[in-house]
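Peer 1: Have a look; sequence and predicted model below, questions after that.
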Amino acid sequence: MRANPEVLILEDDAETLDELQTHFTRKRFHPLGARSASRALSLLENNRYSSRPVLAIIDWDLGKAPDRSASSGDVLSRLARELRECPVIVYSQNIDAFNVRSQIQRSHPRALLHDKRDGDASLLERIDRMLDRTVGDLRIHDGTVVVHLPSLDQHHHREAIRLVVHHPDIVTFHSDTATKAVRRFGEWLHSHNSAVRLVSHGNRKYRLSVTASEGAAQPCDKA
């Protein structure tokens, strides 16, 4: 069973959106695609307490959007407010313009900027580097499993992938089902003597920590 974690994509050009969705589908992610900001906001609302995206890719310029009732800034503000741990890439052909950068920063101070003039291949390469991560003795493979490199054993839950993608940041989980999955991942790490351990900060907040040497990891206390 594969985890198929969600990725939010806001792109007003239908052809580009299809290319991005196809790329993520091939990597076995589940793309949440939207051509308008209002649709992207609906997708975030529908997934608010279930499957939350592990990455958001936002086109700042929505001149071709079929619905102009909301803006990219509205989506960024919601991501900054409700999904603080979710990495966000904002791309635009005018990314060097001071007013564009200022507006993006006001909407989402932690957003990463990408120049759309570098082409889609540049964007996809950057995304792949972010998602195919290695943390300690763990590596995400094809976006769908966490591999313990010494043993090559795999852990398939999306919440495990979320923690690895977001390391070293704290991740807040919003359901009992998610927190139970996180604790099972912590037990899996301990059973494999992983150099990575799960740290609880209470109130459903967790992060991964890399120990100095393997074998020192301890199981996570329940929050």
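Peer 2: Okay, I see it.
Peer 1: wait, doesn't residue 70 sit right on residue 34?
Peer 2: No: at 10.3 Å, residue 70 does not count as touching residue 34 under the criterion of Cβ atoms under 8 Å. No exception for glycine: its C-beta is placed from N, CA and C like everyone else's.
Peer 1: Show me which of the two is the more surrounded one.
Peer 2: The neighbour comparison of residue 70 against residue 34 (other Cβ atoms under 10 Å) goes to residue 34, with 25 against 18.
Peer 1: ok, now how distant is that one from residue 136?
Peer 2: Distance, residue 34 to residue 136, using Cβ to Cβ, to the nearest Å: 35 Å.
Peer 1: And residue 108, by the same measure?
Peer 2: In terms of Cβ to Cβ, residue 108 sits 29 Å off from residue 136.
Peer 1: Give me the pLDDT value at the most centrally placed residue in the chain.
Peer 2: For the chain, residue 54 is the residue whose C-alpha lies nearest the centre (Cα atoms, centre = their mean; 2.1 Å). Per-residue pLDDT puts residue 54 at 83.
Peer 1: Surely it is in contact with residue 5?
Peer 2: Yes: the pair residue 54 and residue 5 qualifies as a contact (Cβ under 8 Å) at a distance of 4.7 Å.
Peer 1: who touches both of those two?
Peer 2: Contact criterion Cβ atoms under 8 Å, 6 or more residues apart in numbering; residues bridging residue 54 and residue 5 by contacting each: 158, 161, 162.
Peer 1: Take those and keep only those in helices.
Peer 2: Among the shared contacts of residue 54 and residue 5, the members falling in helices (DSSP state H) are 158, 161, 162.
Peer 1: Which one of those is nearest to residue 151?
Peer 2: residue 161 (18.0 Å; Cβ to Cβ).
Peer 1: Next one, pLDDT for that closest one please.
Peer 2: The per-residue pLDDT reported for residue 161 equals 87.
Peer 1: Report the separation between it and residue 9.
Peer 2: On the measure of Cβ to Cβ, residue 161 and residue 9 end up 17 Å apart.
Peer 1: Kindly report the same for residue 57.
Peer 2: 5 Å.
Peer 1: anything in contact with each of these two?
Peer 2: residue 20.
Peer 1: residue boundaries of the strands in the chain?
Peer 2: 6-10, 30-34, 55-59, 88-92, 112-115, 134-135, 138-141, 145-148, 153-155, 171-172, 196-200, 205-210 (DSSP state E).
Peer 1: Can you lay out the ones you listed as CSV showing distance to residue 20?
Peer 2: Shown next, in CSV, are the strands of the chain (distance: least, Cβ to Cβ, whole Å):
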stretch, distance to residue 20
strand 6-10, 5
strand 30-34, 7
strand 55-59, 7
strand 88-92, 11
strand 112-115, 13
strand 134-135, 24
strand 138-141, 19
strand 145-148, 22
strand 153-155, 26
strand 171-172, 24
strand 196-200, 30
strand 205-210, 28
